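Engineer: Quick check, what structure comes out for this input:
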Amino acid sequence: MPALEWPACLPLLLAAPFVGSVLGVLIMRLPEQRPWALARSCCAAFGTEPAARDLVPLSSFVLQRGRCRRCGDPIGWFHPAVELAAFGIAVWAVLATGKPADIWASYLLGWTLLALAWIDARWMALPDALTLPLLLAGLGITWLREPDIVFWHAPGAAAGYLALRGVAVAYRALREHDGIGTGDGKLLAAAAAWLGPTPLPGVMSLAAIGGPVMAGPLAVRGRQPRMITALLFGRYLAAAFWPPWLHGPP
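Structural biologist: Alright, predicted model coming up:
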């Protein structure tokens with residue numbers, strides 16, 4: 001691992017599942033415009049709030065064998081899956097990053113992309129409440145790290161958004177239905193804010209692989225993929241955005 005030692009990173013890694021727990025609530029509630037920042041989870045059957053001992057990420061799920069302590073109903077794998085994913089992102093960032101400031105920036109980026117990808121997969125949306133702050137954060141972090149290049153990243157963000165919007169307009173004209181949402185363009189603009197415009201073709205190429213990869217399972221399940229099938233692009237764009245930040249352009 002780079003400059004940081006594991007003991008210095010251990011508190012950051014231990015905090016990751018707790019962040020994942022918050023992300024799980026955000027993923028479920030933000031698209032429905034329900035409160036999520038201070039709201040607590042509740043039992044689906046009784047509507048009661050669980051005790052603090054039942055809210056410890058991962059361990060509570062294991063100790064309760066995936067069931068509500070009060071009613072015995074299955075809790076489901078959604079929340080532990082998000083918590084594990086948030087922990088995995090933290091480990092990846094620590095292994096790839098040497099400077100504490102870069103680790104915090106990587107955490108911010110990775111966890112936001114995780115939320116965006118999950119929301120896109122679940123709700124077919126990329127909320128402005130996440131994409132626009134991510135764009136501004138990318139420009140701000142670029143200015144803090146390398147002030148001279150922020151004026152290169154900012155026009156790149158605008159160009160990335162306009163390019164993907166142009167593709168969306170052309171698709172709409174040819175197919176008479178939407179293929180790419182406005183959120184995808186904003187996410188690509190955020191990628192340019194963080195990475196600069198040069199890596200965008202590689203990011204787009206990686207993201208474009210997601211469609212054919214997804215078409216395979218659809219065919220196995222007996223659903224023939226067609227041009228009208230909704231192959232959500234945002235999740236693949238989020239996944240393709242993350243590695244170049246840590247490891248450089250593809």
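Engineer: for P249, helix, strand, or coil?
Structural biologist: coil (DSSP: H, G, I helix; E, B strand; the rest coil).
Engineer: ok, the spatially closest residue to it that is not a sequence neighbour - how many residues close by?
Structural biologist: Distance criterion CB to CB, 6 or more residues apart in numbering; nearest residue to P249, sequence neighbours excluded, is P199 at 4.0 Å. From N, CA and C alone the C-beta is placed, and that goes for glycine too. By other CB atoms under 10 Å, 21 other residues sit near P199.
Engineer: any idea how far P199 is from L162?
Structural biologist: According to CB to CB, to the nearest Å, P199 stands 17 Å off from L162.
Engineer: Could you do S21 as well?
Structural biologist: In terms of CB to CB, S21 sits 37 Å off from L162.
Engineer: who's more crowded, those two?
Structural biologist: Between S21 and L162, counted using other CB under 10 Å, S21 has the larger neighbour count: 21 against 13.
Engineer: pretty sure the more buried one is in contact with E83, am I right?
Structural biologist: Yes: counting by CB atoms under 8 Å, E83 is a contact partner of S21 at 5.7 Å.
Engineer: Check the contact lists of the two and give me the overlap.
Structural biologist: Common contacts of S21 and E83 (CB atoms under 8 Å, 6 or more residues apart in numbering): P57.
Engineer: Quick check: mean pLDDT of the longest helix along the chain?
Structural biologist: Identified as the longest helix of the chain according to DSSP state H is helix 150-175. Across helix 150-175, the average pLDDT comes to 88.
Engineer: and it, what does it pack onto?
Structural biologist: In this structure, helix 150-175 packs against helix 128-145, helix 182-195, with contacts taken as 3 or more CB pairs under 8 Å, 6 or more residues apart in numbering; DSSP states H and E.
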